[in-house]
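>>> Sharing a model that was predicted from the sequence below.
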Amino acid sequence: MDGRCFPILHSTDLIRWAEHGSAMDALANDHVEYWAPEVSFWNGTFYLYYSSGDGVSMQLRVAESRQPSGPFTDSGHSLSPPGFAIDPHVFNDEDGRRWMFYATDFLDHTHIGTGTVCDRLVDPYSLAGSPLPVARGSFDWHVFDPERMEKGGVRWYTIEGPCVLKHKGLYYEMFSAGNWKNRTYGVGYAYSDNIERSQEWTQVCDGDSIFPVMRTVPDLAIGPGHNSVVRGPDNSQLYCVYHRWDASQVARLMAVDRLEFVGKQLVIYGPSTTPQHRPTPPRIRWDSILIPTHIAEADTGPRSEWSEARIPASVGSGIILEVWVRAEQGSGTYGICIYDDTSSRLQIQVHPAGLFEIVQDAGHTFPDLKQTGQTLPPEFRADVHHLIHVEISGRLLRAVLDGGRELKCVLRGAPVHVALFTNGASAKFEGLSYTCGWTDTFCDDDVSLGDLGWLGGLSGWSIDMMNLRKLPNTRAGVLYKPLPSSSYELVVNVWLPEFSSKTTYRFLPLATDTEDGPQIEIAQGVNAYGVSVHGIDSEDDSERMELLHGLSTNRCEQLRFRVEENIFSVECRSQMIYSGSVTKCATRIGFDATGDARVDMIRVVGLEGHPGESV
């Protein structure tokens, strides 16, 4: 290479990657090994955390840059005491606190070896110094070497490469375990409802009854591991980015596969060895726009120093939007505003004084607001880039600043348009991506199905314990929700209880405003659940094809429906179970159920302009 550390690659679609040199110069003296870089952005600076040393003694260090492409300069700070500390990973929580997960040795543990810990990141250069255990060696598949001679011949366990996500109130740490040369090597995970838990988190994959979520496929995918997780170009689908060895076991290659939460399970659809769906691009992408401040006239009279740039797409049943923004001049506010069908305007705004808040225009009260504002830390800088992520499903709005601080509210009316705005300031907005779609995870018991934009048999369903549940002893009735476009992907997680409940799900992924159209059904067979499709290939709706058997009970299963270029397909987890042509354009999706029905998640993303190839 160029004699420097950590090559940099760049991509906007997770398919085409461009090289951008290397991140930083090597350090002097005893720093001969450089492992596991990870970059975290905070308050205008990119911080590159990495481990360095001689391979036996390793420490956590941090370098910094104003640009993601570098060059990065080592800060001179070591975050860990002398010993062995590797694989740093930074996690931003919803309350604004930042945590570092990393791997270190446990020499007094019952299973001697390397495990992961969590410590609070006090500032970019220092830890609180009170690491808590997260995951340590427990199972045979974690064994790195049964007689590791350089460690005195002990049976050595290895858990390393932490990566942390939060989903439905639970923290999930993914990790790599074992020895990549063994077939048992792979990625497992542990979870906790408390990031400050003093005991180890609960590990899921024992390697016997529950296998690692990703592991070696002999002769095809060797040693997949040490992953990170990113949202795809549509800002909706999660992807696991990891390395694996080539067939000759000489070089490690980067790989990307879909990641999902299916109930409480974390699932990676990999390591894949066949072509996969191309990541969905956003419907609208803007590179950069500067919004100056000025006096503007509006229907309701003059709005002093208000300026906006409207995004040329309707909200429909939901959107996912991300944009980077920084203040240029003035001391006013800037952010994203939503216009609804009651002529109200809602502002998701950043205030230079250190507030991230939701405000209603013209002084209106907003009784359905759930979390209207958060105070930002004293060191917050308005003149550097900050990331605003907004999701709207029906009338439920969720906004996140810099990947951590979260606001939620229920809009007064149905959202119609979205705009970027400044008020008493000028601001630069960059890297905007706008996707038509929505995700319903049913995490808010005080949010109704009507708030989420669902229509039809609302009285037969309730939101309870982070699930959509059919009310007992009722005929649920069909629920409908409008589609963002005629080409789309629909992903649904449903719970399959024991057979005594007589539970059946019926999905209508090709419904119109006047017809339900073909249906896909999950129903009990003789000794297992099965998936059937009927009403597509024949005008006789009684025609029925049993396509999949053996679905497990007492767990969630995931169905994925896609309509693109008049091809309709159905997958169960990663298995294709149906593909055929359709002639009518769907305008909404629908479903109903019988028995003890529980829906964990429903997600729809529009595929307008999507090329449809596999890669």
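Received it, and whenever you're ready, just let me know what you need.
>>> any idea how this protein splits into domains?
What automatic domain parsing lists as the domains of the chain is 26-228, 284-437, 441-606.
>>> Quick check: residue 535 touching residue 521?
No: using CB atoms under 8 Å, residue 535 is not in contact with residue 521; the gap is 10.2 Å. C-beta coordinates here come from the backbone N, C-alpha and C atoms, glycine included.
>>> Touching the strand or helix carrying residue 114 from outside, list them.
Assessed by DSSP states H and E, residue 114 sits inside strand 113-123. Contacts to strand 113-123, defined as CB atoms under 8 Å, 6 or more residues apart in numbering, come from residues 84, 86-87, 90, 97-106, 109, 127-137, 142, 144, 156-160, 162, 173, 175, 195.
>>> Partner strands of the following helix or strand past that strand and their direction?
Under the assignment DSSP H and E, the closest C-terminal helix or strand after strand 113-123 is strand 126-127. Here strand 126-127 is paired, per DSSP bridges, with strand 113-123 (antiparallel).
>>> in the strand it pairs with, what's buried?
113-121 (16 or more other CB atoms under 10 Å).
>>> just to revisit the earlier point, more neighbours: which of residue 535 and residue 521?
residue 535 (18 against 14; other CB atoms under 10 Å).
>>> for the more buried one, phi and psi?
phi 90, psi 10 (degrees, to the nearest 10).
>>> Quick check: closest non-adjacent residue to it.
With CB to CB, 6 or more residues apart in numbering as the criterion, residue 535 has its nearest non-adjacent residue at 3.6 Å, and that residue is residue 518.
>>> The one you found and residue 531, how far apart?
With the distance defined as CB to CB, to the nearest Å, residue 518 ends up 13 Å from residue 531.
>>> ok, back up a step: next one: the strand holding residue 114 to chain centre, how far?
In terms of CA atoms, centre = their mean, to the nearest Å, the centre of strand 113-123 is found 22 Å from the chain centre.
>>> now do stretch 95-106
19 Å.
>>> then that stretch to CSV, C-alphas only?
Extracted in CSV, the C-alpha atoms of stretch 95-106 (Å, rounded to 0.1, in the frame of the first residue of the first chain):
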residue,chain,number,x,y,z
ASP,A,95,-30.2,9.8,26.1
GLY,A,96,-27.1,11.3,24.4
ARG,A,97,-24.6,9.3,26.4
ARG,A,98,-21.8,7.5,24.5
TRP,A,99,-20.3,4.1,25.4
MET,A,100,-17.3,2.2,24.2
PHE,A,101,-17.3,-1.5,23.9
TYR,A,102,-14.0,-3.3,23.4
ALA,A,103,-12.3,-6.7,23.9
THR,A,104,-9.8,-7.5,26.7
ASP,A,105,-8.4,-10.5,28.5
PHE,A,106,-10.1,-12.3,31.5
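>>> Now that stretch: average pLDDT?
Per-residue pLDDT values across stretch 95-106 average out to 95.
>>> who's in contact with residue 401?
So residue 401 contacts 350, 356, 374, 376, 386-389 (CB under 8 Å, 6+ apart).
>>> Report the separation between it and residue 419.
Residue 401 is 18 Å from residue 419, by CB to CB.
>>> Which pLDDT value goes with residue 301?
Confidence score, pLDDT, at residue 301: 45.
>>> Start at 4, not 1
Fine by me, first position is 4 from now on; the one you just mentioned is residue 304.
>>> Run through the strands of the stretch 104-253 of the chain in chain order.
For the stretch 104-253 of the chain, the strands defined by DSSP state E, counting those that start in this stretch occupy 116-126, 129-130, 135-138, 146-151, 157-170, 173-180, 189-195, 205-206, 217-218, 225-234, 241-248.
>>> quick one: average pLDDT of the fourth one?
Yep, that's strand 146-151 we're talking about. 95.
>>> now do the first one
Here strand 116-126 scores 97 as its mean pLDDT.
>>> what angle separates it from strand 189-195?
50 degrees (axes from the mean of the first three to the mean of the last three CA atoms, to 10 degrees).
>>> For the protein, which strand extends over the most residues?
In the chain, assigned by DSSP state E, the strand with the most residues is strand 418-443.
>>> starting at the chain centroid, how far to that one?
20 Å.
>>> and it, what does it pack onto?
Counting contacts by 3 or more CB pairs under 8 Å, 6 or more residues apart in numbering; DSSP states H and E, strand 418-443 packs against strand 287-294, strand 309-313, strand 321-343, strand 348-354, strand 389-396, strand 601-609.
>>> now for those strands, which one comes closest to residue 54?
Nearest of the helices and strands packed on strand 418-443 to residue 54, taken as CB to CB: strand 389-396 at 26.6 Å.
>>> follow-up on the earlier one: looking at the strands of the stretch 104-253 of the chain, which is buried most?
Highest mean neighbour count of those: strand 217-218, a mean of 27 (counted as mean count of other CB atoms under 10 Å).
>>> which residues are in contact with that strand?
186-190, 227-228, 230, 243, 245, 260, 271, 273-274.
>>> And for stretch 59-75?
Stretch 59-75 is contacted from outside by 11, 13, 23-28, 33, 36, 38, 42, 44, 47-56, 76-78, 80-83, 85-89, 91, 103, 105, 127-128, using CB under 8 Å, 6+ apart.
>>> Out of those residues, name the ones that lie in strands.
Counting by DSSP E, these contribute 11, 13, 23-27, 36, 38, 42, 44, 48-56, 76-78, 80-81, 88-89, 91, 103, 105 to strands.
>>> Can you select the buried ones among the residues you listed for me in ChimeraX?
The ChimeraX selection below is limited to those of these classed as buried (16+ other CB under 10 Å):
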select :11,25,26,27,38,42,44,49,50,51,52,53,54,55,56,77,81,88,89,91,103,105
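>>> Endpoint to endpoint, stretch 164-180 covers what distance?
8 Å (CA to CA, to the nearest Å).
>>> picking up where we left off before, report the buried members of the contacts of residue 404.
353, 359, 377, 379, 389, 391-392.
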